[in-house]
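>>> how would this look folded up:
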Amino acid sequence: MGYVSAVPPPRTHAEAPENKGGRRSVAVALLLGTLGATVVLLASGRIWARGTTPFGGDSLALTADGRAVTGLPAALAIVGLAALVAVFAVRGKGRLLVSGLLAISGLGAALTALFADDGRRALDAEAARTTADTAAHVAGLTHTAWPYVTAAGAVLILAAGLLALRFGRSWPAMGGRYERDGSPRTRKAAAVDPDRPEDLWKALDRGEDPTR
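Modelled structure (predicted):
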């Protein structure tokens, strides 16, 4: 008479690397998005273009920061930050849309920083304001590296958006671990001592029948 031993099948851990990768992608996306937006906002406030304009027989130095040249990179960085937070507040198709907005904001900020106006118009306006001469124009126009730093920060935002598009479905939602299934919970009545009047009054205040 033979014996058959029931051997449980080996546990599979196929989903473990995916879950681990999902958790890791959350941290990486948060780091890239926050760092990228910070870089864009800071670099947009730096000097992007320099020049001079004739004034009283001499030359007057002029400068224009990134926000004077174009305010779009900074605005899109703020949009990207908002989208990065919103990714964890929505689920399903909403998360996909917000992830796309995050990626688009990074791409738009990068392209705007690289292909924006060269700063001549901003410096011309500064020359007219400084010299009180509407015909004043900038000369000797030069550029700094800050537009490229801004674009690099925007690429980080784009990378965060691409990670959200790729792994966002497995990311946790804001407050998801505290969510309940929505079923009504039965409220357990507190014990009432009939010999204690204060317990009777508390039960009445709670809407309970102290005589039960």
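
>>> Show the residue spans covered by the helices in the chain.
All helices of the chain, identified by DSSP state H, fall at 15-44, 66-69, 72-86, 92-115, 120-131, 146-167, 197-205.

>>> Okay, residue 53 and residue 36: tell me how far apart.
35 Å (C-beta to C-beta, to the nearest Å). For the C-beta atoms, the positions are set from N, CA and C on the backbone; glycine is no exception.

>>> Compare neighbour counts for the two and give me the winner.
The neighbour count for residue 53 versus residue 36, taken as other C-beta atoms under 10 Å, is higher for residue 36 (29 against 21).

>>> what's the burial count for the closest residue in space to the more buried one that isn't next to it in sequence?
Among residues not flanking residue 36 along the chain, residue 156 sits closest, at 2.9 Å (C-beta to C-beta, 6 or more residues apart in numbering). A total of 22 residues lie near residue 156 under the criterion other C-beta under 10 Å.

>>> Please identify which of the helices of the chain is closest to residue 173.
Taking C-beta to C-beta, helix 92-115 is the member of the helices of the chain nearest to residue 173, at 8.2 Å.

>>> The residue nearest to residue 36 contacts residue 33, doesn't it?
Yes. Judged on C-beta atoms under 8 Å, residue 156 makes contact with residue 33 at a distance of 7.1 Å.

>>> residues shared between the contacts of these two?
When C-beta atoms under 8 Å, 6 or more residues apart in numbering defines a contact, no residue borders residue 156 and residue 33 alike.

>>> Surely residue 69 touches residue 47?
No. With contact defined as C-beta under 8 Å, residue 69 does not count as touching residue 47 (9.9 Å).

>>> Same drill for those two, tell me which one is more crowded.
Taking neighbours as other C-beta under 10 Å, residue 69 and residue 47 compare with residue 69 leading, 26 against 15.

>>> Please name the residues that touch that one.
The neighbourhood of residue 69, defined by C-beta under 8 Å, 6+ apart, consists of 48, 49, 116, 117, 118, 119, 122, 147.

>>> what's the answer for residue 139, then?
Residues counted as contacts of residue 139 (C-beta under 8 Å, 6+ apart) are 51, 52, 53, 54, 59.

>>> count of neighbours near the fourth one?
Yep, that's residue 54 we're talking about. Residue 54 - counted by other C-beta under 10 Å - has 14 other residues nearby.

>>> Then the second one?
The number of residues packed near residue 52 is 17, by other C-beta under 10 Å.

>>> So residue 123 sits against residue 140, correct?
No. Between residue 123 and residue 140 there is no contact under C-beta under 8 Å: 10.0 Å.
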